[in-house]
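J.: fold the following for me, if possible:
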Amino acid sequence: MLLQQLSKRIAQKRVLLLGYGREGRALYRRIQQAGGYAALGIADQNPIADPPEQAALHIGSDYQNAMTQYDLVFKSPGIVLQNNPETLPCQVTSLTELFLSAYRDQCIGITGTKGKSSTASLLHHTLLTAGIPSVLGGNIGIPMADLYEQITPETVIVLEIGVHQLEYIHVSPKIAVFLNLFEEHLDHYGTFDYYAYVKENIYRYQQIGDILICGQQGLPADGDTKATVLRLAMENDAADISLHNENTLRFGKESLLLPETMTLTGKHNRLNCAVVYALARMQQASSEAITEAIATFTPLPHRLTPIGCYHGIRWVDDSISTACETCIQALNSLPDTDTVLIGGMDRGISYDALLAYLADASVPNIILMSDSGKRIAQEAKSYGGTFTDRIRYAEDLPAAVALAKQITAPGRIALLSPAAASYNHYRNFEERGEHFKTLVMQPE
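T.: Below is the predicted model:
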């Protein structure tokens, strides 16, 4: 179905791939399979290693000027358009929109500021454990274009869909999950309202008979979706899907006790288990298979991941944390934390909630680092008292780890939970987490 959809979209058109990263390369291969286009170009700000001979190249800082030369533009996630698409002579679309146009009735799309990767991975693992054919892709690092050969009419497609993939789409998955919404990516979207608006595309184009699982209060607004809405909440008897007493999942009138051997930690992860329980039951997975899957699931790296005991300190990597709420959740999940490392790229989000939490928290040592850490340290001065006495500043992650080795009490936890993006020093949170692990394991 994907190739058929692609063939129709590109037939006799001048097609441009805007961005040639992992997703752009995957889509290029499919365009070559489909054929039938009038012209093909690739535009990217950065040089391309081994550029394909079958495409015209537009490389450099003015790469977006090439859009006016084409009829159809596939925009890669994360690229900020310099002009409003409505003012351009071309049509702007994406691989996500193409894929959902082909397979939306088979798709479970999962978004949210935090928790979408773990939820999507656990759901995929649960469906396979239950013997239900499933594929996993999207923002989790597997381009949707690479799933084509694995999909049959019976396949359940689990997609982690990030906000950049939701921008400029006009089709939503049949089953959508909107976990939560916090300030993030304001450097790209400018305002929180517009960031939220783009996120809401996960359900904005759903149809009658579709399902939306929503954990965000106040969404969707009246008239914003035709789907049946199932409410997700913690310790709430009125919710359709919920977590109770930290160990009981509820979906409608059904309930499931979490296995004692599960490795996922934190209330937020257990609430994500409730989402997976509901989704898996919708696909006719047995309660026994769901319990087995939760017990055998290996958490994704850099998400409250224990590194081990080094220099007499227990180190935990939560590099995935790029928002205030995730840092707060991490500290709530690890009450034995003696030192927390916070800071990274400053995207302009508000740190008021995190500052208020830290001011009342019992964590003895707060190491702030990098650009956002500098701003948090400045804003913390208004609190005064013993709170600011617990704060230290380090220029970067190596300096912060070195300081943590000096001040963390033996046997207690030093936690990296930055509440900030990593892009001012690292390519992504994974690279930051791996660097943290290397620093931790270095001998003194």
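
J.: output the longest helix anywhere in the chain as CSV, nothing but the C-alphas.
T.: Assignment by DSSP state H gives helix 267-282 as the longest helix of the chain. Extracted in CSV, the C-alpha atoms of helix 267-282 (Å, rounded to 0.1, in the frame of the first residue of the first chain):
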residue,chain,number,x,y,z
LYS,A,267,4.8,5.7,38.9
HIS,A,268,4.9,7.3,35.4
ASN,A,269,6.2,4.0,33.9
ARG,A,270,3.5,2.1,35.7
LEU,A,271,0.9,4.4,34.4
ASN,A,272,2.3,3.7,30.9
CYS,A,273,1.8,0.0,31.7
ALA,A,274,-1.9,0.8,32.2
VAL,A,275,-2.0,2.3,28.7
VAL,A,276,-0.3,-0.8,27.2
TYR,A,277,-2.7,-3.1,29.2
ALA,A,278,-5.7,-1.3,27.6
LEU,A,279,-4.3,-1.3,24.1
ALA,A,280,-3.2,-4.9,24.2
ARG,A,281,-6.7,-6.0,25.5
MET,A,282,-8.2,-4.1,22.6
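
J.: helices and strands around it, which ones?
T.: On a contact count with 3 or more CB pairs under 8 Å, 6 or more residues apart in numbering; DSSP states H and E, helix 267-282 meets helix 116-129, strand 175-178, strand 211-214, strand 228-234, strand 241-244, strand 248-251, helix 287-296, helix 324-333. Backbone N, C-alpha and C define where each C-beta goes, glycine included.

J.: now the angle from it to helix 116-129?
T.: Helix 267-282 and helix 116-129 are oriented at 40 degrees to each other (axes from the mean of the first three to the mean of the last three CA atoms, to 10 degrees).

J.: can you dump the C-alpha atoms of stretch 98-115 in CSV for me?
T.: This file holds the C-alpha atoms of stretch 98-115, laid out as CSV (Å, rounded to 0.1, in the frame of the first residue of the first chain):
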residue,chain,number,x,y,z
LEU,A,98,2.3,9.4,3.5
PHE,A,99,2.5,6.3,5.8
LEU,A,100,-0.7,7.2,7.7
SER,A,101,-2.5,7.7,4.4
ALA,A,102,-1.6,4.1,3.5
TYR,A,103,-2.0,2.4,6.9
ARG,A,104,-4.0,4.6,9.3
ASP,A,105,-6.5,1.8,10.0
GLN,A,106,-3.8,-0.5,11.3
CYS,A,107,-1.9,2.1,13.2
ILE,A,108,-1.6,2.8,17.0
GLY,A,109,0.1,6.2,17.2
ILE,A,110,1.6,7.2,20.5
THR,A,111,2.7,10.7,21.4
GLY,A,112,3.3,12.8,24.4
THR,A,113,6.1,15.0,25.7
LYS,A,114,7.5,12.1,27.7
GLY,A,115,7.0,8.3,27.9
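
J.: that older thread, most packed of the helices and strands packed on helix 267-282?
T.: Of all the helices and strands packed on helix 267-282, strand 175-178 carries the top mean neighbour count, a mean of 28, counting by mean count of other CB atoms under 10 Å.

J.: pairing partners for that one, with directions?
T.: If you go by DSSP bridges, strand 175-178 pairs up with strand 107-111 (parallel), strand 211-214 (parallel).

J.: what's the helix or strand that that strand is followed by packed up against?
T.: Using DSSP states H and E, the helix or strand that directly follows strand 175-178 along the chain is helix 186-189. Packing partners of helix 186-189 (3+ CB pairs under 8 Å, 6+ apart): helix 192-199.

J.: output the helix or strand just after the helix it packs on as CSV - backbone C-alpha positions only.
T.: As assigned by DSSP H and E, the chain's next helix or strand after helix 192-199 is helix 201-204. Provided in CSV are the C-alpha atoms of helix 201-204 (Å, rounded to 0.1, in the frame of the first residue of the first chain):
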residue,chain,number,x,y,z
ASN,A,201,-2.6,16.5,15.2
ILE,A,202,-2.3,13.0,16.7
TYR,A,203,-6.2,13.1,17.0
ARG,A,204,-7.3,16.2,15.1
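
J.: gap between helix 201-204 and the chain center?
T.: 16 Å (CA atoms, centre = their mean, to the nearest Å).

J.: for stretch 100-112, same thing?
T.: Taking CA atoms, centre = their mean, one finds the center of stretch 100-112 at 16 Å from the center of the full chain.

J.: how is this structure divided into domains?
T.: 2-93, 97-296, 305-441 (automatic domain parsing).

J.: mind putting these into JSON lines with mean pLDDT?
T.: Listed next are the domains of the chain as JSON lines, based on pLDDT from 0 to 100:
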{"stretch": "domain 2-93", "mean pLDDT": "96"}
{"stretch": "domain 97-296", "mean pLDDT": "96"}
{"stretch": "domain 305-441", "mean pLDDT": "96"}
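
J.: one step back: residue 416 is nearest to which of the helices and strands packed on helix 267-282?
T.: helix 324-333 (9.2 Å; CB to CB).

J.: the closest one vs helix 267-282, what angle?
T.: Computed by the same axes, to 10 degrees, the angle separating helix 324-333 from helix 267-282 equals 100 degrees.

J.: distance between stretch 143-161 and the chain's centre?
T.: Stretch 143-161 has its C-alpha centroid displaced from the chain centroid by 18 Å (CA atoms, centre = their mean).

J.: if we can go back for a sec, now render the helices and strands packed on helix 267-282 as a markdown table, adding distance to residue 167.
T.: Below are the helices and strands packed on helix 267-282 laid out as a markdown table (distance: least, CB to CB, whole Å):
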| stretch | distance to residue 167 |
| --- | --- |
| helix 116-129 | 16 |
| strand 175-178 | 16 |
| strand 211-214 | 19 |
| strand 228-234 | 23 |
| strand 241-244 | 27 |
| strand 248-251 | 31 |
| helix 287-296 | 32 |
| helix 324-333 | 22 |
